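Colleague: this is a predicted model, with the sequence first.
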Amino acid sequence: MRSARVVFQRGLAFVLAAALLSACSHPDPVQERKFLAMGTLVEITLYGVDPSRAKTLMDNVEGQFHYMEDTWQPWQPSALARVNSLLGTTDWFSIAPSVRPLIVRSQVLSKESDNLFDPAIGKLIKLWGFDQEPRAPGPPPDAKQIAKLVADNPRMSDIHLDGIRARSDNPATVLDFGAFAKGYGIDQTIDYLKREGVHNAIINAGGDLRAIGRHGDRPWRIGIRNPRGEGVIAWVDVEGDQSVFTSGDYERFFIYKGTRYHHIMDPRTGYPARGTTSVTVIHNVAADADAAATALFVAGPKDWYRIAKAMGIHYVMLVDSSGTVHMNPAMAKRIHFEGGKTPKIELSPPL
């Protein structure tokens, strides 16, 4: 989970809802709330909800986020930290109900992604220092330590569930849901708003979001950050019920002797994934979009299409390290490049 400091340093990425600028003249109110949770800035936008009703709803959503933050923190006392300590024993134990659903869904997504999305590599995340924010200054970890964790090969499939009981075959299993929990949390809170009769809303957590309905008579307009420059590289319109998630090497990184080391780890090598600067995914489920953005980043320009197809993702834009944009045709129809500056594009077959 990203820190608020990181979010402010890299800038907010981006709900470009231009219509908000004219909200004061619109008969339906726009209600907003911002708060810090899960190490990032969370923004709630409700459209067409009475202000007093909106306050109650936003109070409840904020409370849910803080509960999830406290529960799914892997490196401080929490339900997830307890699960991690018990997984290391390889014995059966009673699993917290607040953690079990994340394991169940993560196991499915991990399998679909050929284990490129792998929350079981918490030890590797910690070895690289990305369990802290900001990361302590210094060189990358020792190559032998990295190689050992890769050889240990912890995977989500090592975890077995039997009702309220759980165990792991692999004592190296340590769960870090940083590439999944935010999306899962957004899904939980959007589902709550829908049950409460809200039809038009966005929940944006550090630039990753799920939007339902519309902004009045127009779709929600969502910007995609330029991974190697200021502002946005492109934007898309979303309406109905869709999530937009981006993973980038600009989010959390350090530079040592001229080399950039970012937080998106390739479980196969134990090192930050190479060849990609950002991946944007549009999907109807935020948790799946969150996991897929990470998996496709790791897959890189040569293999993203195979993984996207296996995960059931239909809209992908990947920017590689040379600045070339890789997209499937359906995504290309939705993307609008900022300022009319169209980069080099490579189109895949349809997904």
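Modeller: Looks like it arrived, so ask away.
Colleague: residue contacts, residue 247?
Modeller: When contacts are counted by CB atoms under 8 Å, 6 or more residues apart in numbering, residue 247 touches 179, 264, 278, 279, 293, 294, 296, 297. C-beta: built from backbone N, CA, C; applies to glycine.
Colleague: how about it, nearest residue that isn't a chain neighbour?
Modeller: Nearest residue to residue 247 in three dimensions, chain neighbours excluded: residue 293, at 4.0 Å (CB to CB, 6 or more residues apart in numbering).
Colleague: tell me the contacts of the one you found?
Modeller: Contacts of residue 293 (CB under 8 Å, 6+ apart): 179, 245, 246, 247, 279, 280, 281.
Colleague: for the contacts of residue 247, pick the one with the most neighbours.
Modeller: Compared across the contacts of residue 247, residue 296 has the highest neighbour count, 31 neighbours, by other CB atoms under 10 Å.
Colleague: quick one: what helix or strand has that residue in it?
Modeller: Assigned by DSSP states H and E, residue 296 belongs to helix 286-311.
Colleague: can you check residue 280 too?
Modeller: According to DSSP H and E, residue 280 maps onto strand 276-283.
Colleague: and that strand with helix 286-311, angle?
Modeller: Orientation check (axes from the mean of the first three to the mean of the last three CA atoms, to 10 degrees): strand 276-283 against helix 286-311 gives 100 degrees.
Colleague: direction included, what does strand 276-283 pair up with?
Modeller: When pairing is defined by DSSP bridges, strand 276-283 lines up against strand 240-248 (antiparallel), strand 315-320 (antiparallel).
Colleague: most tightly surrounded among those?
Modeller: strand 315-320 (a mean of 25; mean count of other CB atoms under 10 Å).
Colleague: would you mind listing the buried residues in the helix holding residue 296?
Modeller: Buried residues in helix 286-311, counted by 16 or more other CB atoms under 10 Å: 286-301, 304-305, 307-311.
Colleague: can you check stretch 32-47 too?
Modeller: For stretch 32-47, a neighbour-count test (16+ other CB under 10 Å) marks 33, 37, 38, 39, 40, 41, 42, 43, 44, 45, 46, 47 as buried.
Colleague: just want the most central residue of the protein.
Modeller: Against the mean C-alpha coordinate of the chain, by CA atoms, centre = their mean, the closest residue is residue 290 at 3.6 Å.
Colleague: separation between that residue and residue 62?
Modeller: The gap separating residue 290 from residue 62 is 20 Å, by CB to CB, to the nearest Å.
Colleague: how about residue 65, what does it touch?
Modeller: Contacts here follow CB under 8 Å, 6+ apart; on that basis residue 65 touches 35, 37, 38, 42, 185, 189.
Colleague: what's the closest of those residues to residue 103?
Modeller: Among those, residue 185 lies closest to residue 103 (CB to CB), at 15.2 Å.
Colleague: in what helix or strand does that closest one lie?
Modeller: Secondary structure assignment for residue 185, by DSSP H and E: helix 181-195.
Colleague: next: residue 85.
Modeller: helix 79-87.
Colleague: how about that helix as PDB, C-alpha atoms only?
Modeller: Extracted C-alpha coordinates of helix 79-87, given in PDB (Å, rounded to 0.1, in the frame of the first residue of the first chain):
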ATOM      1  CA  ALA A  79      -5.200  -9.700  11.100                       C
ATOM      2  CA  LEU A  80      -3.000 -10.200   8.000                       C
ATOM      3  CA  ALA A  81       0.300 -10.000  10.000                       C
ATOM      4  CA  ARG A  82      -1.100 -12.800  12.300                       C
ATOM      5  CA  VAL A  83      -2.000 -14.900   9.300                       C
ATOM      6  CA  ASN A  84       1.600 -14.400   7.900                       C
ATOM      7  CA  SER A  85       3.200 -15.500  11.200                       C
ATOM      8  CA  LEU A  86       1.000 -18.700  11.200                       C
ATOM      9  CA  LEU A  87       1.600 -19.500   7.500                       C
END
